[in-house]
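**Q** Please work out how this folds:
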Amino acid sequence: MADGTKAVVDTSAADGAADEAALAEAIDALADGTARPAAAAGGKAAGKSAGEATASTEDTGDGAEDTGRAGTSPAGSEETSEITAPLSATEIAAELAAGDAAARRAADAAAKRPPRDPQPTHDPRDTATLPQTLPAPLRHSGDMIGNRYRLEECISSTETFSSWRAVDEKLRRAVGVHLMAAGHQRARKVLAAAKSAALLGDPRFVQVLDAVQEGELVYVVREWLPHASDLAKLLADGPMEPHEAYQMVRQVTDAVAAAHRRGQAHLRLTPRCVLRTDSGQYRINGIAVDAALRGLPAGNADADAGTDAERTDTRAIGALLFAALTHRWPFPEDRYDLQGLPRNIGEVAPDQVRAGVHKGLSELASRALFDHPPHHAEPITTPEDLARAVALMPRIRQPEPELPVFTNPPRHNTHALPTAPNPTRVVAAPGTGPTPVAAPVRNAGRRLRRVVKVTAWTVALGAIGVASWQLVDNLRPGSSAAAAPQPSNTSATPTAHAATHDPVAVPVAQAISYNPLGGGPEGTSVLDKATDGDPNSAWTTNWYGDPFGPKAKEGTGLLLDLGSPQTVSSVNVKLGTPATAELRMPGKGVANPTAAKPKDFSVIGKESGTSLTYKLDSPVTTRYLLIWLTSLSRNPDGMQYSGQFQGHIADVKVFG
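**A** Below is the predicted model of the structure:
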């Protein structure tokens, strides 16, 4: 070069196109016979291997020395001729072919390799860049979610999400809804957990019905069990009986073990998540979703995490059983309205916390809860092993129901005949023989029965004689008795058989929506308005486009729970709009009226109008009464859902 420095061949990928253009120019020049040494030199330099070019760049000291000599040597010297000696057309073509083959091999290898971006773009599934704390969306009662779910009552609320009781306006049923901001870091995990839980399809778990991201809102819709009670509420009054605790741990363990076999884990199994229905069945709420809402790990990504998830759920079941047996939370903190254990007590079995605990259940809770159970017992670490341990336990029988104490009613003696004294047992003094009192008492009883029998026959014969004489006297012509007016039955003088009964109000313990022919309970949020004593408030059914009848729905109703079997003589019902309703009571073979069919109830009255009064010919004893609406009327103008058919029960009173 002009400054005396040596040119170094650059074999980088950026100059590949320039080298190929130089080689093509050299081939054309050779074909025309006008090849220039410089072009040939360029072609040779381009044909060198990358290793040779690299070697020339690394040897910097020799390069500088050669550069100085090249600036003064003649063009035809030996050193210069080695650098600039032209290649033949055959050699250049062979090098080009080798270069093309190498380029093709490199292209094939690059196609087989996954693309590697030196600056990778952001993966939308990566939530690390999303905000970790984003407030829950602000919503109010009456707001519509997804143009379908109407929010009614906020059940719980945290900084991240809120949980609501809502109404599915499309299917007219109660549902539960979780709300979260779509921009939250947990939003995608919550949606994924909800969708996987919806695919579980196990009726022992509360079903996930929908999981949607809509704009800036993520919501998860679940099944709602209005008449179920969670375990925390069941333990409010004290520990469970051994049979009930056994049923709880058996059903919960079987359900969780089945979920783990399908790759699902709960990870946040608390007393609030375990629900008992009216039929005594236990159902589990919030599988996978509760953990995702609170940012807990999924637990089923790999083998190690799956093992941790199994241990987490097994330990949680052990804590539930511990609380059910002792009415204490097995950790120092007070949780779920339960008092925690002292901090220095360590790992103790339930039977050491409370006296009278079932030994087998106590050992089972310790093995599931603690890593080092008392008495050197082997710990249980998976729900599957816990289910097998529960199955191997001896069956715990249900306690016999306590029979009510029966007291003899007081006996009122209205007869003038003397009664025999009750025989009494005489205890003889030591050393003396027994006093013979049995025989005189037996003889006195015989004489008394004989006297009563003779007296009864005498009275009966006398009554027959008097009646015969009066009959003959009345049939005699001209008898004054035949012309005398007969006394009226409406005389004010009370007769001996006049029955007097003052009705006594029977309180209704609970009103339950009974809708076995529909999509679920109706008017769950206003059930208490039917028995609050205020006729201006009412429990309402769903609205219908057609009245009940043979071609439509048979009916719907309100089930009244009196708390215990009561004597019922009459029922008064006030309706907001005219309707026809039947008063029914469960048949003898109905064990659970809430799950029975309408045909399993007996009709004991039927009335129509707005003020219904059911007076029974004879009182009945029952715990449950059903007001079964069989015909509805249209709502008047100005009322909500005007023009539609709807039932309104404003007030119910039961009398015994």
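**Q** Now do residue 610 against residue 648, distance only.
**A** Distance of residue 610 to residue 648, given as Cβ to Cβ, to the nearest Å: 9 Å. C-beta coordinates here come from the backbone N, C-alpha and C atoms, glycine included.
**Q** what's the answer for residue 243, then?
**A** Note on residue 243: its distance to residue 648, by Cβ to Cβ, is 43 Å.
**Q** Between the two, which has more neighbouring residues?
**A** Taking other Cβ atoms under 10 Å, residue 243 and residue 648 do not tie; residue 648 has more neighbours (24 against 14).
**Q** shouldn't the more buried one be in contact with residue 576?
**A** Yes. In this structure residue 648 lies within contact range of residue 576 using Cβ atoms under 8 Å: 2.9 Å.
**Q** quick one: common contacting residues for those two?
**A** Common contact partners of residue 648 and residue 576 (Cβ atoms under 8 Å, 6 or more residues apart in numbering): 538, 540.
**Q** Check residue 370 and give its pLDDT.
**A** pLDDT for residue 370: 95.
**Q** hmm, I was thinking of residue 137
**A** The per-residue pLDDT reported for residue 137 equals 83.
**Q** Equivalent analysis for residue 283, please.
**A** Here the pLDDT value assigned to residue 283 is 96.
**Q** Helix or strand: which one has it?
**A** In this structure, residue 283 is located in strand 282-284 according to DSSP states H and E.
**Q** Identify the residues contacting that strand?
**A** Contacts with strand 282-284, where a contact means Cβ under 8 Å, 6+ apart, come from 203-206, 225, 228, 247-248, 251-252, 255-256, 266, 269, 273-277.
**Q** Buried among these? Need that as a selection in ChimeraX.
**A** In ChimeraX, this line selects whichever of the contacts of strand 282-284 come out buried by 16 or more other Cβ atoms under 10 Å:
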select :204,205,206,225,228,247,248,251,252,255,256,266,269,273,274,275,276
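**Q** What segments of the stretch 501-650 of the chain are strands?
**A** Listed in chain order, the strands of the stretch 501-650 of the chain (DSSP state E, counting those that start in this stretch) span 505-506, 510-514, 539-540, 556-586, 601-631, 648-655.
**Q** among these, which is nearest residue 463?
**A** Closest to residue 463 of the strands of the stretch 501-650 of the chain, according to Cβ to Cβ: strand 601-631, at 29.5 Å.
**Q** angle of the closest one against strand 510-514?
**A** Angle, strand 601-631 to strand 510-514, by axes from the mean of the first three to the mean of the last three Cα atoms, to 10 degrees: 70 degrees.
**Q** Can you point out the buried residues in strand 601-631?
**A** 601, 604-605, 607, 612, 614, 620, 622-630.
**Q** cool, stretch 151-162 as well?
**A** Buried residues in stretch 151-162, counted by 16+ other Cβ under 10 Å: 151-152, 160-162.
**Q** same deal with stretch 557-567?
**A** Quick answer for stretch 557-567 (16+ other Cβ under 10 Å): 557-562, 566.
**Q** quick one: secondary structure of residue 259?
**A** Three-state call for residue 259 (DSSP: H, G, I helix; E, B strand; the rest coil): helix.
**Q** Check the one 4 residues further on too.
**A** Judged by three-state DSSP, the three-state class of residue 263 is coil.
**Q** since we're on residue 465, how many residues are nearby?
**A** By other Cβ under 10 Å, neighbour count at residue 465 equals 10.
**Q** How about the secondary structure of it?
**A** From three-state DSSP, the assignment for residue 465 is helix.
**Q** quick one on the thing from earlier: widest-spaced pair of the buried residues of stretch 151-162?
**A** Greatest spacing in those, by Cβ to Cβ: 152 and 160 (21.5 Å).
**Q** Might one say that residue 632 is in contact with residue 646?
**A** Yes. Using Cβ under 8 Å, residue 632 is in contact with residue 646, at 6.2 Å.
**Q** thinking residue 373 is in contact with residue 366, fair?
**A** Yes. Here residue 373 reaches residue 366: they are 4.2 Å apart, a contact under Cβ under 8 Å.
**Q** overlap in contacts of the two?
**A** Common contacts of residue 373 and residue 366 (Cβ under 8 Å, 6+ apart): 347, 349.
**Q** Can you name the residues that contact the closest residue in space to residue 611 that isn't next to it in sequence?
**A** Taking Cβ to Cβ, 6 or more residues apart in numbering as the measure, residue 611 lies nearest to residue 574, with 6.0 Å between them; neighbours along the chain are not counted. By Cβ under 8 Å, 6+ apart, the residues touching residue 574 are 535, 610-612, 649-652.
**Q** what would the residues you listed look like in CSV with pLDDT?
**A** Formatted as CSV, the contacts of residue 574 follow (pLDDT from 0 to 100):
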residue, pLDDT
535, 85
610, 91
611, 91
612, 92
649, 94
650, 92
651, 92
652, 93
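**Q** Looking at those, spot the one nearest residue 465.
**A** Taking Cβ to Cβ as the measure, residue 465 lies nearest residue 612 of those, at 52.7 Å.
**Q** OK, contacts around the nearest residue to residue 646 once chain neighbours are set aside?
**A** Counting by Cβ to Cβ, 6+ apart, residue 646 lies nearest to residue 543, which is 4.6 Å off, once chain neighbours are set aside. By Cβ under 8 Å, 6+ apart, the residues touching residue 543 are 635, 641, 644-646.
**Q** Recalculate using a threshold of 10 Å.
**A** Taking Cβ atoms under 10 Å, 6 or more residues apart in numbering, we find residue 543 in contact with 172, 522, 632, 634-635, 640-647.
**Q** Buried among these? Need that as a selection in PyMOL.
**A** Here is the PyMOL command that selects only those of the contacts of residue 543 that count as buried (16+ other Cβ under 10 Å):
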select buried, resi 172+522+632+634+635+645+646+647
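**Q** Fine by me, thanks again.
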